[in-house]
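Trainee: What follows is a predicted protein model with its sequence.
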2 protein chains.
Amino acid sequence: MNSESLKNKILENIEPLSRKYLHEVLASLIEIPTVSAWGGVDIVRGANLVASLLKELGFNVEVKSEGGYPAVLAEMGEGSKSVLIYNHYDVQPPDPLELWDSDPFKLRVEGGKVYGRGVADNKGNIAARLAALEALSPYIEDLDIKVKVVVEGEEEIGSPTLERIVAGNLEWFRADGGIWETAYVRRDGRLSISLGFKGMVYVELTLRGASRDVHSGYSPIVPNPAWRMARMLTIIKDESGRVLVPGFYNDIDEEFLKIGESLLELVDVEDLEALKEELGLKSFVGDLKGHEALKALHLNPSINISGLYSGYTGKGSKTIVPSTASAKLDIRLVPGQDPNKILEKLLEHLKTCGFKDVEVHIESMYRAGYTKSDAEIVKASVEAAKEAYNIEPQLLPMAAGSGPIYIFTNMAKTPMTGAGVGYYASKVHAPNENIRIEDFHKGVKHVALTLVNFTLTRPTR
Amino acid sequence: MNSESLKNKILENIEPLSRKYLHEVLASLIEIPTVSAWGGVDIVRGANLVASLLKELGFNVEVKSEGGYPAVLAEMGEGSKSVLIYNHYDVQPPDPLELWDSDPFKLRVEGGKVYGRGVADNKGNIAARLAALEALSPYIEDLDIKVKVVVEGEEEIGSPTLERIVAGNLEWFRADGGIWETAYVRRDGRLSISLGFKGMVYVELTLRGASRDVHSGYSPIVPNPAWRMARMLTIIKDESGRVLVPGFYNDIDEEFLKIGESLLELVDVEDLEALKEELGLKSFVGDLKGHEALKALHLNPSINISGLYSGYTGKGSKTIVPSTASAKLDIRLVPGQDPNKILEKLLEHLKTCGFKDVEVHIESMYRAGYTKSDAEIVKASVEAAKEAYNIEPQLLPMAAGSGPIYIFTNMAKTPMTGAGVGYYASKVHAPNENIRIEDFHKGVKHVALTLVNFTLTRPTR
């Protein structure tokens, strides 16, 4: 069978498969509330479902926990070219629940879209890849490919265990090319593929006052950590968005910035303007516009307050001097920045400014990673996208978001491209997360074609 | 019957009555979660229980709602001297629930103490006064007294309706003397009676960013209201505790300050030092010590953060740019300060400093009020305290806390003293709220004796 007829064979059956995976498999994935921030038995149920779906396709499946939530590792084919597919079955918490129009853990189909926690991030992508793999599976020998799939359950809490699993199985994770967990469709219909992901330092900082909450009649004399927290936050970042921690910007990789800037020159800024409008914003931080905003988004490290709380946060009024005040900070890193050093610099800065008593709880820490646009797997996915979406995809040097891609790109030395079924308004991490049904079907085709295209060139190792 | 034998008659039967009211009546009051911040049917159940207890004692009872939660008004006796007793049946929310050692809504008796939400503030005082009134009731004509009782259900949310009820029934609320809802026992065993209470402006301030929470990958460009909230809070109060709102201290009543300072000179500061130790504090706000701390506590207005929240405040991590940030501020006022003017000055200050978009939700607003120490009812309660507690009580010109006493002292022109069953470690508004059983029995005696002493002097009107 020649390459072209092989490709046609694979595509022949892909549409009914795609529908099955959307309405049956994705629905069953969504039903399990695999919120990694909550933990619990649903995490295990989620991992088991993924494992059994892979087994049904003929994969050899192994589940590794290594003290964390289970990661599903699966392998099929003995071909000379290897590809690694990465996803995660865990999701963000559904809060605030009251803003959902339907149960976040029940797939809702309406108006050409499907809704549910995880339909975009990342269960929709799992389902799409499984659909593509089912279409490919009869031809795995013809393709001369070896497919490896890893689906972890800790991505939304910073993948604390994945690094250990990869470090202990470096050969298994080394592949000629890999497909990262995501990519999304822009307003103009182009698939946006991020070739890198930022690193992350997620910490909860806590200040304490009295040993217990006190009636706020005592506020003239009892120190309130909420006031100190406010003061502490103001010394971390200025109003223009610039981080005030000394040395924060020191170690950024210059080569990455150069590559990044030139790739971003090719990116239009319409999506950003549309986002501004959709979010009801008059201006972005520091009044950034156009490509300057784009560069800030994709090339700058940042510090954000994801959560802030002290005292009574319920309905109505309660009068207390709270005993604690806490802030959840997510710090996003770019290539060159070392998470340990960055955290050290932050704490040193707080100490210098009078907050040496701040308590630090680390939720996650990992560095950034990226792949250059001339990698074979990237080229294969660009060609596949042209065919699946009928328009040239857009390559970003680095996503705005974080993900432990360095584990693959830096540790396992596997170049990574992207694929995904979400779109610009998927409301990832927010209420009413959704995808368009049409994007799901295109996404299935894109994954199948990426793998077919990748095998049309011969192995490099 | 002469005064002395009347007094003995009344005291004869008081101990078994006191026990009945502690173990039966207080238990039944605690069981109803009358949290005014929550509202609901339990508020009505609480009011009904209070009304029926008063009816059993022979009071004529009327329940007035005036669009708010019901207030119970009751009257007994036709004597020439009138006394007004004020309490509230509502309580603060029990949060944080996990820090309670037992169900906050079930009276627990252990080690000479009783525990439960409201045992000190204010259901224990309701029970103690009812016990005293049951002891007095057979002699109501001999005492030539008219007793009026008002028990409202909105004190913990700022008594928004009580003012209207009093304004519409000024004659009913005018009395020769009154007993305010509370007083407490100090470490040295002396009853501390506050002759005034601060006013209150309780507001929730909200800043908004994007129209919805956004994945925090966008934090380099999407404005985060949590950073702005931090900045806004720092311009409200400085580190020494001084309020930075221009004109905040302008209108304070000079006569009150003079009276207050001279009364505070008589107060020892041991309790403050003990409090500092109990709360694990190295120092008070602004390093205040001794009588300076005492004056700050009782004579200064203040602004406090009772609650602060933005974004994800749950377990673990979630990465978002929050769309809102809110702070619950309680502003305590002293005599002379007008709540409306103070709020206006605060908002003007915020506007001037770049926060003209701040949203304001008012929870409560009322002014301070106080009674001078030479009022007849105060003298009667001081004499009663000497006998009930075997030691001279302590008079404070103004409590650290707030309460709508101005409704009685300023509007109805009724001079008010205090009585109560709590003690210095009652953990009012906090988990494990408790009172000592012995204090309850002394408190019952104190109320009975205050009323008896008050009738021994002839009416002034």
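Mentor: Happy to help now that I have it. Numbers count the residues shown, from 1 in each chain, chains lettered A, B, ... in the order given.

Trainee: drop to CA atoms for contacts and neighbour counts, all remaining ones
Mentor: Will do.

Trainee: Sketch out the low-pLDDT regions of chain A for me.
Mentor: Along chain A, segments meeting pLDDT under 70 span A:1, A:457-461.

Trainee: and the helix or strand A:Tyr202 falls within, what other elements does it pack with?
Mentor: Assessed by DSSP states H and E, A:Tyr202 sits inside strand A:199-208. Helices and strands touching strand A:199-208, by 3 or more C-alpha pairs under 8 Å, 6 or more residues apart in numbering or on different chains; DSSP states H and E, are helix A:225-234, strand A:324-333, helix A:339-352, strand A:359-366.

Trainee: Find the one among those with the highest mean neighbour count.
Mentor: Mean neighbour count (mean count of other C-alpha atoms under 10 Å in any protein chain shown) peaks for strand A:324-333 among those, with a mean of 26.

Trainee: Just want the angle from that one to helix B:225-234.
Mentor: Orientation check (axes from the mean of the first three to the mean of the last three C-alpha atoms, to 10 degrees): strand A:324-333 against helix B:225-234 gives 130 degrees.

Trainee: wait, does strand A:324-333 contact chain B?
Mentor: Yes. Using C-alpha under 8 Å from any C-alpha of the partner chain, strand A:324-333 comes into contact with chain B via A:Lys328, A:Asp330, A:Arg332.

Trainee: ok, residues contacting that strand?
Mentor: By C-alpha atoms under 8 Å, 6 or more residues apart in numbering or on different chains, the residues outside strand A:324-333 that reach it are A:198-209, A:224-226, A:229, A:300-311, A:339, A:367-368, A:401-402, B:216-217, B:317, B:319.

Trainee: strand partners of that strand, parallel vs antiparallel please.
Mentor: Using DSSP bridges, the strands paired with strand A:324-333 are strand A:199-208 (antiparallel), strand A:302-311 (antiparallel).

Trainee: Return the most buried member of these.
Mentor: Of the strands paired with strand A:324-333, strand A:302-311 is the most buried (mean count of other C-alpha under 10 Å), at a mean of 26.

Trainee: ok so, going back, out of the strands paired with strand A:324-333, which comes closest to B:Lys237?
Mentor: Across the strands paired with strand A:324-333, B:Lys237 has its closest neighbour in strand A:302-311 (17.0 Å, C-alpha to C-alpha).

Trainee: Helices along the stretch 151-300 of chain A, start to end?
Mentor: Shown for the stretch 151-300 of chain A, the helices assigned by DSSP state H, counting those that start in this stretch span residues A:162-168, A:170-173, A:225-234, A:254-265, A:270-278, A:290-299.

Trainee: Can you give me the end-to-end span of stretch A:34-42?
Mentor: 5 Å (C-alpha to C-alpha, to the nearest Å).

Trainee: Stretch A:268-278: which residues count as buried?
Mentor: By neighbour count on 16 or more other C-alpha atoms under 10 Å in any protein chain shown, the buried set for stretch A:268-278 is A:Val269, A:Leu272, A:Lys276.

Trainee: just to revisit the earlier point, ok, which of the helices of the stretch 151-300 of chain A comes nearest B:Ile179?
Mentor: For B:Ile179, the closest of the helices of the stretch 151-300 of chain A is helix A:225-234, at 35.8 Å, according to C-alpha to C-alpha.

Trainee: angle of the closest one against helix A:339-352?
Mentor: Angle, helix A:225-234 to helix A:339-352, by the same axes, to 10 degrees: 120 degrees.

Trainee: any idea how far A:Arg129 is from the residue minimising distance to the centre of chain A?
Mentor: Chain A has A:Gly403 as the residue nearest its centroid, 4.9 Å off, counting by C-alpha atoms, centre = their mean. With distances taken as C-alpha to C-alpha, A:Gly403 is found 19 Å from A:Arg129.

Trainee: Over to A:Leu53?
Mentor: Using C-alpha to C-alpha, A:Leu53 is found at 11 Å from A:Arg129.

Trainee: With neighbour numbers in mind, choose between the two.
Mentor: A:Arg129 (29 against 15; other C-alpha atoms under 10 Å in any protein chain shown).

Trainee: Who are the packing partners of the helix or strand where that one lies?
Mentor: Using DSSP H and E, A:Arg129 maps to helix A:123-136. Counting contacts by 3+ C-alpha pairs under 8 Å, 6+ apart, helix A:123-136 is packed against helix A:3-12, helix A:14-20, strand A:81-88, helix A:437-456.

Trainee: Of the ones you listed, which is nearest chain B?
Mentor: strand A:81-88 (15.6 Å; C-alpha to the nearest C-alpha).

Trainee: Can you give the distance from that closest one to the centre of its chain?
Mentor: Centre-to-centre, strand A:81-88 and its host chain are 16 Å apart (C-alpha atoms, centre = their mean, to the nearest Å).

Trainee: go on, stretch A:416-434?
Mentor: 9 Å.

Trainee: Is it in proximity to chain B?
Mentor: Yes. Counting by C-alpha under 8 Å from any C-alpha, contacts between stretch A:416-434 and chain B involve A:Lys427, A:Val428, A:His429, A:Ala430.
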